[in-house]
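J.: Quick one: sequence and predicted model below, then my questions.
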Amino acid sequence: MAEGERQLREQHQAMIKELGTRHARIKQCGPDGAVFDEQYEQLVACAESLLEFERMLPGRLAQPKRERAAQVVKWSWRGQTVVAAALIAAVLVLGHTAWWLVLLIPHLLATLMGWSVTVTAERYNEQRAIAIGLHVLCLLVVLVALGVVSAWWIVAVLVGWVAVGATSEGSSQQGAK
């Protein structure tokens, strides 16, 4: 168990214990009087803070995973941009036809647009999977552009672009809400 998670769980247990203590105090007081009213207000305040803490707990527990996913997404898009730029240079240096730029320049622009993807707390797992799927698509682009596989695989590249673009667009719209 991570140190942050352990601290959150200990804090939660302390808040539950405090609520139990306040409840025991209020049971000792009679229902009439100022002491009861004061203890009751403290009990309600303690319960409200516990409920707020419990409402925030899942997000706080998921925070380290979300931060790791954000790093994966960020560096996947940036790394694929570098690969796309290097591939454009390689195609030109190797003397391949300039028609490959019709495939490679949109790929470069798409990876540049991916830099703006914001990882959300609700969809960080999906966004990480999209970024990892981008590596498969980029590998296919490299293989097609360098002539390792048939040019007919461009169809698969186009389908991959649509799939990554559609799922990434849903991610950015989700982040805007």
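T.: Great, that's in hand. Numbering: from 1, shown residues only.

J.: where's L139 relative to K65, distance?
T.: Distance of L139 to K65, given as Cβ to Cβ, to the nearest Å: 26 Å. All C-beta atoms are positioned from the backbone trio N, CA, C, and that covers glycine.

J.: Secondary structure element holding V119?
T.: Take DSSP states H and E as the rule and V119 turns out to sit in neither a helix nor a strand.

J.: What sits closest to it if chain neighbours are left out?
T.: Taking Cβ to Cβ, 6 or more residues apart in numbering as the measure, V119 lies nearest to A70, with 4.0 Å between them; neighbours along the chain are not counted.

J.: mean confidence for the helix or strand hosting that neighbour?
T.: Assigning secondary structure by DSSP H and E places A70 in helix 34-93. Per-residue pLDDT values over helix 34-93 give a mean of 87.

J.: now swap in stretch 118-135 and tell me
T.: Across stretch 118-135, the average pLDDT comes to 84.

J.: can you pull the buried residues of that stretch?
T.: Under the neighbour-count criterion of 16 or more other Cβ atoms under 10 Å, stretch 118-135 has V119, T120, R123, Y124, E126, Q127, R128, I130, A131, G133, L134 buried.

J.: Also stretch 148-164?
T.: I154, V157, G160, W161, V164.

J.: Likewise for stretch 71-89?
T.: So stretch 71-89, judged by 16+ other Cβ under 10 Å, has buried residues V72, V73, K74, S76, W77, Q80, T81, V83, A84, L87, I88.

J.: about what we covered before: could I get the buried residues of stretch 118-135 in TSV, plus columns for distance to A34 and secondary structure?
T.: Supplementary listing: these in TSV, determined by distance: Cβ to Cβ, whole Å; DSSP: H, G, I helix; E, B strand; the rest coil:
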residue	distance to A34	secondary structure
V119	52	coil
T120	48	coil
R123	51	coil
Y124	50	helix
E126	55	helix
Q127	55	helix
R128	56	helix
I130	60	helix
A131	60	helix
G133	64	helix
L134	65	helix
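
J.: So which of the residues you listed is the closest to V93?
T.: Top of the list for closeness to V93, among the buried residues of stretch 118-135 and by Cβ to Cβ, is L134 at 24.5 Å.
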